[in-house]
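Asker: model this:
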Amino acid sequence: MGDPQTYFEEHATWSLISFLQYRRQYAKDFTRDKLKEHRKYTKELDKIISNNESKEKCDQAQKCLNDFDVRVFI
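Answerer: Residues are numbered from 1 along each chain as shown. Below you'll find the predicted structure:
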């Protein structure tokens, strides 16, 4: 429990905020390093897209990445 993959399996809706809260609460390897935790989030979303798990999950992962990219550049 606490690993990034488990978060995406256990939650129906995803967001960076809920991902970070989940990681902070359950992950033994959680760091307060924003860059590392954001990288884990985007890396896991990229995995979901590249694995083509399901169209719904791929679409949701792409939306999360798009939302993340917009926030990073604002």
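Asker: and Cys24, how many neighbours?
Answerer: Heads up, residue 24 is Arg, not Cys. By other CB atoms under 10 Å, 13 other residues sit near Arg24. The way it works is simple: take the backbone N, C-alpha and C, and place the C-beta from them, glycine included.
Asker: can you tell me the element it falls in?
Answerer: Using DSSP states H and E, the element containing Arg24 is helix 16-26.
Asker: continuing past that helix, what's the next helix or strand?
Answerer: Next in sequence after helix 16-26, counting helices and strands by DSSP H and E, comes helix 34-51.
Asker: which parts of that next one are buried?
Answerer: Judged by neighbour count using 16 or more other CB atoms under 10 Å, the buried positions of helix 34-51 are Glu37, His38, Lys40, Tyr41, Thr42, Glu44, Leu45, Ile48, Ile49.
Asker: still on that earlier bit, other SSEs contacting the helix holding Arg24?
Answerer: helix 4-10, helix 34-51, helix 55-73 (3 or more CB pairs under 8 Å, 6 or more residues apart in numbering; DSSP states H and E).
Asker: tell me where the model's unsure across this structure.
Answerer: The chain contains residues with pLDDT under 70 at 70-74.
Asker: the residue positioned nearest the centre of the chain and Gly2, how far apart?
Answerer: Most central in the chain under CA atoms, centre = their mean is Tyr41, positioned 3.3 Å from the mean C-alpha point. Separation of Tyr41 from Gly2 (CB to CB, to the nearest Å) stands at 14 Å.
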